[in-house]
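Peer 1: give me a 3D structure for the following:
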Amino acid sequence: MGRLRQDVDPAEAGLDPGALHRLDGHFVRYVDEGRLPGFLVAVARGGRVAHLTAYGLRDVAAGLPVEPDTLWRIYSMTKPVTAVAVLLLVQDGLLSLDDPLDRHLPVFARPRVYTGGAGDDVRTRPAAGPVLIRHLLTHTAGLTFGFYHRHPVDALYRAAGLEYSVPPGKDLAETVELYARMPLQADPGTQWNYSVASNVLGRVVEVVSGRPLDAFFAERVLGPLGMTDTGFHVGPGQAGRLAELYGETDEGGIEPVPGLPVRGRPLFLSGSGGLVSSAYDYHRFTEMLRRGGELDGIRLLHPDTLALMTRNQLPGGATIRSFGAPVHREPGMDGLGFGFNVSVVTDPARTLAPSHLGTYGWTGVATTAFWVDPAHDLTVQFLTQVRPKKLKVFPELRRLVHEAVRD
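Peer 2: All right, here's what the predicted structure looks like:
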């Protein structure tokens, strides 16, 4: 078990202490107003943690505080870990980014694309080409989520019990087989649509490696990085440090809500959003990314592989907004491209919040976030546990961190 600590004074790391005080104050107000239960924010520069604040409660009913070693459901911040696992298999020569998916999962052979209709009257046509591994890593495979309620294919996912990605009682292999029965929303490689793709990648990792996803993560990613508090479940000795999960109410407050089962190994190992982690552990993961694929003398990814993961992979330099399905064509997606399970800033002048060119990262549905800013040798993580309805944390977080950086 590791515990994140501040290593250096902010000013020594080129950060403005006054701006960081304003950053803390902003989110302290969110807690004091009952909009967040508590939070942890960490800012590091050159690998040294220069700002670390834990405030509020990890369990409101029990009155337990947020601590540096609190455990958090990181949801979609799992996806970059899955991307690293896939790229390790690419480096091993066991997988190629341009492999057709059906080479490893034959159930995805001969994909079909939705053309019209609904329910039992759905019309489809053969896809223009196969789903490739790179399509899954870039969310351009034509898959979707059932909870969007924006496209007829979303409704087909819901009808199959896939509104929240996994039907009760199904494991990863069984769930991915259900995904394969759904028509694609678009031809592979022609549209960005955030989706269940990382769960499919998790199954690819299992099939290609011959290991369960949790075992492969532990052996090839988490273990080598010393991420001993990260996994798909918490053990008895960790359970007391797990933050409770909350949802935003219609009035802007918070209330406890059920989350992924993490007290005991889950049947469904989600490469899309199944990990629990700590600030210390995820800091080590972001440090590996910042350092080009290496940490403490242990190299996971070749620098060229890491560079591939963290640069825009959308065709012709497109942005998520310009290349995305209608549900994603919102101002917050402007100026952002997409790499392998991370967003990438391609045009800072068009992003909703201040950003630097080449900054990459991702978020989780319980209002967690991380990013790496290579131009300023900066890593940031923000951890809380609220599934939002209207709550908008990330634009202000980015603005306040941006104000703290001294060139």
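
Peer 1: and stretch 362-375, what's buried?
Peer 2: Using 16 or more other CB atoms under 10 Å as the test for burial, stretch 362-375 gives 362, 363, 364, 366, 367, 368, 369, 370, 371, 372, 373, 374. Just so you know, the C-beta spots here come from the backbone N, C-alpha and C atoms, and that holds for glycine as well.

Peer 1: so for it, mean pLDDT?
Peer 2: The predicted model gives stretch 362-375 an average pLDDT of 98.

Peer 1: need the distance between the two termini of it.
Peer 2: 17 Å (CA to CA, to the nearest Å).

Peer 1: bridging residues for residue 100?
Peer 2: residue 132 (DSSP bridges).

Peer 1: who touches it in this structure?
Peer 2: By CB atoms under 8 Å, 6 or more residues apart in numbering, the contact list for residue 100 reads 130, 131, 132.

Peer 1: ok so, going back, in a markdown table, list the buried residues of stretch 362-375 along with distance to residue 41.
Peer 2: What follows is the buried residues of stretch 362-375, written out as a markdown table (distance: CB to CB, whole Å):
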| residue | distance to residue 41 |
| --- | --- |
| 362 | 16 |
| 363 | 14 |
| 364 | 15 |
| 366 | 15 |
| 367 | 12 |
| 368 | 11 |
| 369 | 10 |
| 370 | 11 |
| 371 | 12 |
| 372 | 15 |
| 373 | 15 |
| 374 | 20 |
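
Peer 1: and of those, the nearest to residue 249?
Peer 2: Ranked by distance to residue 249 (CB to CB), the buried residues of stretch 362-375 are led by residue 367 at 14.4 Å.

Peer 1: I figured the closest one hits residue 396, correct?
Peer 2: No: with contact defined as CB atoms under 8 Å, residue 367 does not reach residue 396; the gap is 11.9 Å.

Peer 1: just the strands in the stretch 101-250 of the chain please.
Peer 2: 112-116, 123-126, 246-248 (DSSP state E, counting those that start in this stretch).

Peer 1: among those, which is nearest residue 390?
Peer 2: strand 246-248 (6.8 Å).

Peer 1: what's that closest one in contact with?
Peer 2: Here strand 246-248 has contacts from 35, 37, 60, 254-257, 385-391, using CB under 8 Å, 6+ apart.

Peer 1: looking at those residues, which are in strands?
Peer 2: Residues of the contacts of strand 246-248 located in strands (DSSP state E): 254, 255, 256, 386, 387.

Peer 1: what count of nearby residues applies to residue 396?
Peer 2: 14 (other CB atoms under 10 Å).

Peer 1: begin at 17, not 1, for the rest of this chat.
Peer 2: Okay, residue one is now 17; in that scheme the one you just asked about reads as residue 412.

Peer 1: quick one: mean pLDDT over the helix or strand harbouring residue 42.
Peer 2: Applying DSSP states H and E as the criterion places residue 42 in helix 33-48. Mean pLDDT, computed over helix 33-48, is 98.

Peer 1: picking up where we left off before, closest to residue 100 among the contacts of residue 116?
Peer 2: When the contacts of residue 116 are compared against residue 100 (criterion: CB to CB), the nearest one is residue 148, at 18.6 Å.

Peer 1: what's near enough to touch the closest one?
Peer 2: 113, 114, 115, 116, 117, 157, 204, 205.

Peer 1: measure the nearest residue to the first one once chain neighbours are set aside to residue 296 for me?
Peer 2: Read that as residue 113. Spatial nearest neighbour of residue 113, chain neighbours left out: residue 150 (4.3 Å); criterion: CB to CB, 6 or more residues apart in numbering. Look at residue 150 and residue 296: by CB to CB, to the nearest Å, they are 32 Å apart.

Peer 1: quick one: mean pLDDT for whatever helix or strand residue 303 lives in?
Peer 2: Element membership for residue 303 (DSSP H and E) is helix 295-306. For helix 295-306, mean pLDDT is 98.

Peer 1: report all helices and strands that that helix contacts.
Peer 2: strand 54-61, helix 95-107, strand 310-311, strand 384-389, strand 394-399 (3 or more CB pairs under 8 Å, 6 or more residues apart in numbering; DSSP states H and E).

Peer 1: ok, and what's touching the fourth one?
Peer 2: Contacting residues not belonging to strand 384-389 are listed as 88, 90-91, 93, 298, 302, 305-306, 326, 372, 374-379, 394-401, 409-410, 413-414, 421 [CB under 8 Å, 6+ apart].

Peer 1: if you rank the contacts of strand 262-264 by neighbours, which is first?
Peer 2: Going by other CB under 10 Å, residue 401 tops the contacts of strand 262-264 with 30 neighbours.

Peer 1: residues touching that one, list them.
Peer 2: Contacts of residue 401 (CB under 8 Å, 6+ apart): 53, 74, 88, 89, 259, 260, 261, 262, 382, 383, 384.

Peer 1: next one: residue 152
Peer 2: Contacts of residue 152 (CB under 8 Å, 6+ apart): 117, 159, 213, 214, 216, 217, 220.

Peer 1: same question for residue 55.
Peer 2: With CB under 8 Å, 6+ apart, residue 55 has these contacts: 43, 46, 47, 69, 70, 71, 72, 82, 398, 399, 400.

Peer 1: closest to residue 266 out of these?
Peer 2: residue 46 (17.3 Å).

Peer 1: now the closest one. Nearest residue, chain neighbours left out?
Peer 2: Here the residue nearest residue 46, using CB to CB, 6+ apart, is residue 52, at 4.4 Å.

Peer 1: before we move on, the earlier item: CSV for the contacts of strand 262-264, including pLDDT and distance to residue 343?
Peer 2: Listed next are those as CSV, based on pLDDT from 0 to 100; distance: CB to CB, whole Å:
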residue, pLDDT, distance to residue 343
51, 97, 26
53, 98, 29
76, 98, 33
270, 98, 26
271, 97, 26
272, 97, 28
273, 97, 23
401, 98, 25
402, 98, 22
403, 97, 18
404, 96, 17
405, 93, 16
406, 92, 17
407, 93, 19
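
Peer 1: please identify the residue most distant from the middle of the chain.
Peer 2: residue 137 (35.1 Å; CA atoms, centre = their mean).
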